[in-house]
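A.B. asks: Just need the structure, nothing else, for what follows:
(chains A and B)
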Amino acid sequence: MTDSEQNSSTTAPVVACQGVQRIYQQDTVPVYALRGADLTINAGEFVSLAGPSGSGKSTLLNVIGGLDGFDAGSVVVGGVDLGGLNAAELAEMRLRNVGFVFQAYNLIPVLTARENVEFILQLQGTPNQERRERADAALQRLGLGDLGDRRPGELSGGQQQRVAIARAIVTEPVLLLADEPTANLDSKTTEELLGLLRDLNPQQGMTIVTATHDPIVMGYTSRQVAMLDGEIHQDSASAD
Amino acid sequence: MIRLAWRNLQRNAARTWLTAGGIGFSVLLVSFAMSLQSGSYEIMIDAATRYFTGHAQISEKSYIDQPRLDRTLQNVQALQTELSAIEGLTVFPRVQAFAVVSMEEKSLGGMVVGVDFDAERQHLDIYDNVIEGDVPRQADQAMIGVSMARNLGAAVGDELVVLGSGKQGAVAAAIFVISGIVETGQTALDRTLVFAPIGGVAEAFYLHDEAHMLLLMVDDLSQLNAIAAQIEPLLSERLTLQTWQQLMPLIEQSIEMDKAGGYLFFSLLLILVTFAVVNTFVMVLYERTREFGLFMALGMRPWQVIGQVQFEALLLSSLGVALGLGLSYPLISYLTSVGIPLDQMGGEEAIQQMQMGAMDRIYPKATLTSLATAPLVMMIGTQLAALVSTVRVRGINPVTALRAE
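C.D. replies: The predicted model follows:
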């Protein structure tokens, strides 16, 4: 029995996907991005969703994060069935439960690093003083304590992605979703960043799911899920 | 929110300043033009009413349609005294009678107007246009229009015989010595008017403590309606009060026409500027689709994104309005104190009015309407422009938006 299986026997999974289908219409032709994906992720896991382009890994990540809808099956995140939520409830779910890290960093260019991290706390209605303290702590933890006043344009790619991670973890979400977070970074920066993510995992008990096709990333994760043609092709948890 | 909005405006500073400049320019232009309009209307009304008609008149109701000699106000002195107690109001009586005016062999139809020269001279401008001699000083003197003088071949010092019908049907006759000749600039008046002291005319036409009208002049024209409301209850059923709007409807109509033309021009200008603002926010939507997608991915609701852009619009329009009012208010204030010479503005009408002595300068008047209309329209227009442009945010799919270039 793996650790994750042991966890699942005692606590509810953070993510539970069953038979998830996502079909896009390309003109009049239906394109199956997900063809009945089944995936269960338990608290504290660091999971990589790997696969070639078009395998459905980003789509599954978006569906789990409530960014994208699904056409069949069920998706439960943190005990909440996403199928029953409207757009506003999904937005609230993302705000409270999910942290996102994107390939292109997606920082707000006119705000400083600290303000970018504070932004999401502001959306949550956190008071000013607490907001600033928590943002500084998150930046400090990611080794950006001195760079809080810099704007994204004044930071390197690796630094920007660390700010993005700080923004994603500052709210202490149930789930951190990272879509190809190191795709734009060199190998040294990639290793540094993955080290940071891996450290977050046991420190905060944060569940992390990252979509990637980079073997280095997969090497850092505790569980590797391979996707192909919209289905879970291989899962290291099952293989164990 | 304020910080993000302000920094987003600074993101494309040139475009922000161009848009704010457009808003500011339209505010400057419209507020100045409206203040100028407002000032010119006041001068126009004041000039017209101060010339001969007065700000308002009280007369017997039926006299308005049929100005017969016997349709008079009774107990005029008592009524005049009662009305004069109202603060800011001056009252003086007039009698008017149709008569044949003769000199030697020549006779003309005329209107003999009995006035209180001392009172009227202080308030009315017509007496500034005496081109020969002076206003009557004695009960047997009269002043006539320039055309009448020419038609009669009369000059200052000549005797005029006035012959008409008195109140009871008896013959009314009087002899006046011409003390002055007036050129009003209005042919009908210059051809028919004979001004004589009210006492002499009333006596000649058998009118005792009677007048055909009481002229009302107020110290502050904007208080006219309030004063009229005070007067109404003091008048008997037979009497009526007409303000300058009823006495000179053409003036009010021309003001309304001018206002309508002005509003049309102002509206076109403001609509044009609003379209420029729409363009700005359409660009904002295209340029920041990815950012809006991010906001929504992080958990912002579409209405919050729209609210953010609305706030940016508010800052932008406030900047433009501050710019516009910052320039227009000092300019209007300065010109309100020194005036704009009419000869510098040109125009035949202006020169004619100058010749009449009515006005030689125009003074813009800053009012709440003239200063607030353009800012309000621009601020509402900018908010609507931003709303129209960004309402499509509701349809943004965060996943697609995050892939936008």
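A.B. asks: tell me which parts of chain B are close to chain A?
C.D. replies: Neighbours of chain A within chain B, by CB under 8 Å from any CB of the partner chain: B:3-4, B:7-8, B:10-11, B:290-291, B:294, B:296-302, B:304, B:397-399, B:402. Yep, even glycine has a C-beta here, placed from its N, CA and C like the rest.
A.B. asks: The residues you listed, buried ones only, as a ChimeraX selection?
C.D. replies: With 16 or more other CB atoms under 10 Å in any protein chain shown as the criterion, this ChimeraX line picks the buried residues out of the residues of chain B next to chain A:
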select /B:4,7,8,290,291,294,296,297,298,299,300,301,302,398,399,402
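A.B. asks: Please list the members of the residues of chain B next to chain A that lie in helices.
C.D. replies: B:3-4, B:7-8, B:10-11, B:290-291, B:294, B:296-298, B:302, B:304, B:398-399, B:402 (DSSP state H).
A.B. asks: Could you double-check that A:Cys17 sits in contact with A:Leu60?
C.D. replies: Yes. Using CB atoms under 8 Å, A:Cys17 makes contact with A:Leu60 at a distance of 7.3 Å.
A.B. asks: Leaving out sequence neighbours, find the closest residue to A:Arg35.
C.D. replies: A:Gly230 (4.0 Å; CB to CB, 6 or more residues apart in numbering or on different chains).
A.B. asks: low-scoring stretches of the stretch 1-150 of chain B, by residue?
C.D. replies: Within the stretch 1-150 of chain B, no range satisfies pLDDT under 70.
A.B. asks: how about the strands in it?
C.D. replies: B:56-60, B:89-103, B:106-115, B:130-133, B:141-145 (DSSP state E, counting those that start in this stretch).
A.B. asks: got the contact list for the closest residue to chain A within the stretch 51-200 of chain B?
C.D. replies: Closest approach between the stretch 51-200 of chain B and chain A, counting by CB to the nearest CB: B:Gly88, at 56.5 Å. When contacts are counted by CB atoms under 8 Å, 6 or more residues apart in numbering or on different chains, B:Gly88 touches B:218-220, B:223, B:227.
A.B. asks: same deal with A:Met227?
C.D. replies: So A:Met227 contacts A:37, A:49-51, A:55-57, A:60, A:233 (CB under 8 Å, 6+ apart).
A.B. asks: sorry, back to before: of the contacts of B:Gly88, closest to B:Gly110?
C.D. replies: B:Gly110 has its nearest neighbour among those in B:Val218, at 30.5 Å by CB to CB.
A.B. asks: my read: the closest one touches B:Leu224, true?
C.D. replies: Yes. Counting by CB under 8 Å, B:Val218 touches B:Leu224, with 5.2 Å between them.
A.B. asks: joint contacts of those two?
C.D. replies: Shared contacts of B:Val218 and B:Leu224, counting by CB under 8 Å, 6+ apart, come down to B:55-56.
A.B. asks: still on that earlier bit, between all of the contacts of A:Met227, which two are separated the most?
C.D. replies: Farthest apart among the contacts of A:Met227 by CB to CB are A:Ala37 and A:Ala50. That separation is 13.7 Å.
A.B. asks: Counting neighbours, go ahead and name the busier of the two.
C.D. replies: Using other CB atoms under 10 Å in any protein chain shown as the criterion, A:Ala37 and A:Ala50 rank with A:Ala37 on top: 27 against 23.
A.B. asks: Can you give me the buried ones in stretch A:124-136?
C.D. replies: By 16+ other CB under 10 Å, the buried positions in stretch A:124-136 come out as A:126, A:131-132, A:134-136.
A.B. asks: likewise stretch A:64-72?
C.D. replies: A:64-70.
A.B. asks: most remote residue from chain A's center?
C.D. replies: What lies farthest from the middle of chain A is A:Thr28; by CA atoms, centre = their mean that is 31.8 Å.
A.B. asks: thinking B:Thr382 is in contact with B:Ala313, fair?
C.D. replies: Yes. Counting by CB under 8 Å, B:Thr382 touches B:Ala313, with 4.9 Å between them.
A.B. asks: Report how many residues lie close to the residue nearest to A:Asn116 when sequence neighbours are not counted.
C.D. replies: Leaving aside its sequence neighbours, A:Asn116 sits nearest to A:Leu107 (CB to CB, 6+ apart; 5.0 Å). For A:Leu107, the count of nearby residues is 25 (other CB under 10 Å).
A.B. asks: would A:Leu107 count as being in a helix?
C.D. replies: No. With DSSP: H, G, I helix; E, B strand; the rest coil as the criterion, A:Leu107 is coil rather than part of a helix.
A.B. asks: hmm, who's touching stretch A:147-167?
C.D. replies: Against stretch A:147-167 from outside (CB under 8 Å, 6+ apart): A:99, A:101-102, A:105-114, A:116-117, A:119-120, A:135-136, A:138-139, A:141-144, A:181-182, A:184-186, A:189, A:192-193, A:196-197, A:200.
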